[in-house]
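[1] Fold the following.
(one chain, ligands or ions: 1)
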Amino acid sequence: MSTSPSDSPAAGTVYLVGAGPGDPDLLTLKAHRLLSQCDALVYDSLVPRALLDLVPEGCERHFVGKRRGHHSVPQPSTNAVLVELASRHRLIVRLKGGDPFLFGRGGEEAAHLVRHGVPVEVVPGVTAGIAAPAYAGIPVTHRSAGSSVTFVTGHEEIDKGRPGVDWRGLARSSDGLVIYMGLHNLRRICAELLAGGLSAETPAAVVQQGTVVGQRLLLSTLAELADQAEQQGFASPAIVVVGQVVSQRVAACSPEPAAVEMPIPF
Ligand code: SAH
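    Next comes the predicted model:
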């Protein structure tokens, strides 16, 4: 465990902890230990509510996620909350869905804390991009069907200054794609992948609410995926998998999803 340097203004350490994809049984032992010892907890939308019961009584809790129909707490406010809590508490858990360093802004929060003299440590978690396909029986690599896999965000780049995802390039360079936050732009993403040279028959899947109650699977092809997802009412949170690995699905190995509700969808 990290200790505070003597010249640090912070009293405590912030742990950036991965909560896993939803099924509470997928929490790491380290995350479990830290949750059961923490003085303060900061969490957001995609964190299984069952995990909140693990914190000690009297633990100070802060929700910084998006509430239904509202915007998320802006990142600067979350950063400020973490620095402030570290001045008053010894052990602070910043709990994030899946893995904190995969599309979770964990890197930004870690850098901010370091800049403010706050000791910080990351605790990796099981990411939805592996766990949701796995709970549907889909391996994200396979010796004969996928030697490479790319984790990619389908979220439209709001910051126009930054280049978007090169979907056509990915179509040529990666055997499999695991797309986070991809439902909203699914039609455009599929069109780009087809334009990049992927066959219309490429197997593709959507796993909604992976590992928890309400888990749903759509098996399709790249050409049909967007239409079918729309017709069948697929919604966030969902992982999209594109590539031959989808045809290597072994349905019999799928675990029963956990009997817990997915927290507030966004
Ligand atoms: N850090 C997280 C990802 C955060 S981005 C991780 O490692 O898993 C949020 C996106 O993750 C969602 O829009 C969705 O695409 C995906 N996601 C998170 N939990 C999910 C779940 N249980 N089932 C399917 N997709 C999920």
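
[2] For the ligand, what is the nearest residue in the chain?
    Nearest to the ligand, among the residues of the chain, is Gly98, at 1.9 Å (C-beta to the nearest ligand atom). The way it works is simple: take the backbone N, C-alpha and C, and place the C-beta from them, glycine included.

[3] ok, what's across the strand from that residue?
    Gly98 has these beta-bridge partners by DSSP bridges: Gly20.

[4] how about the helices of the stretch 51-200 of the chain, start to end?
    75-88, 106-115, 128-135, 167-173, 186-195 (DSSP state H, counting those that start in this stretch).

[5] Now do the fourth one: which elements does it pack against?
    When you say that, I think you mean helix 167-173. strand 149-153, helix 186-195 (3 or more C-beta pairs under 8 Å, 6 or more residues apart in numbering; DSSP states H and E).

[6] one more time with 7 Å, if that's ok
    helix 186-195 (3 or more C-beta pairs under 7 Å, 6 or more residues apart in numbering; DSSP states H and E).

[7] pLDDT on the helix it packs on, on average?
    In this model, helix 186-195 carries a mean pLDDT of 97.

[8] Quick one: check it for contact with the ligand.
    No. With C-beta under 6 Å from any ligand atom as the criterion, the ligand is not reached by helix 186-195; the gap is at least 11.3 Å.

[9] quick one, whatever helix or strand comes next after that helix and helix 186-195 angle?
    Where DSSP states H and E defines the elements, the next helix or strand beyond helix 186-195 is strand 203-208. Orientation check (axes from the mean of the first three to the mean of the last three C-alpha atoms, to 10 degrees): strand 203-208 against helix 186-195 gives 160 degrees.

[10] any idea of the angle strand 203-208 forms with helix 128-135?
    100 degrees.

[11] Buried residues, strand 203-208. List them.
    Buried residues in strand 203-208, defined by neighbour count with 16 or more other C-beta atoms under 10 Å: Pro203, Ala204, Ala205, Val206, Val207, Gln208.

[12] In PDB, list the C-alpha atoms belonging to it.
    Coordinates of each C-alpha in strand 203-208 appear next as PDB, following Å, rounded to 0.1, in the frame of the first residue of the first chain:
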ATOM      1  CA  PRO A 203     -20.300 -12.100 -37.600                       C
ATOM      2  CA  ALA A 204     -21.200  -9.400 -35.100                       C
ATOM      3  CA  ALA A 205     -22.900  -9.300 -31.700                       C
ATOM      4  CA  VAL A 206     -24.300  -6.900 -29.200                       C
ATOM      5  CA  VAL A 207     -24.400  -7.800 -25.400                       C
ATOM      6  CA  GLN A 208     -26.600  -5.500 -23.400                       C
END
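
[13] what about stretch 22-32, distance to the chain center?
    Centroid displacement of stretch 22-32 relative to its chain, using C-alpha atoms, centre = their mean, to the nearest Å, is 14 Å.

[14] Just the buried positions in it, please.
    Those would be Gly22, Asp23, Pro24, Leu26, Leu27, Thr28, Ala31, for stretch 22-32 by 16+ other C-beta under 10 Å.

[15] Could you do stretch 236-247 as well?
    Pro237, Ala238, Ile239, Val240, Val241, Val242, Gly243, Val245, Val246.
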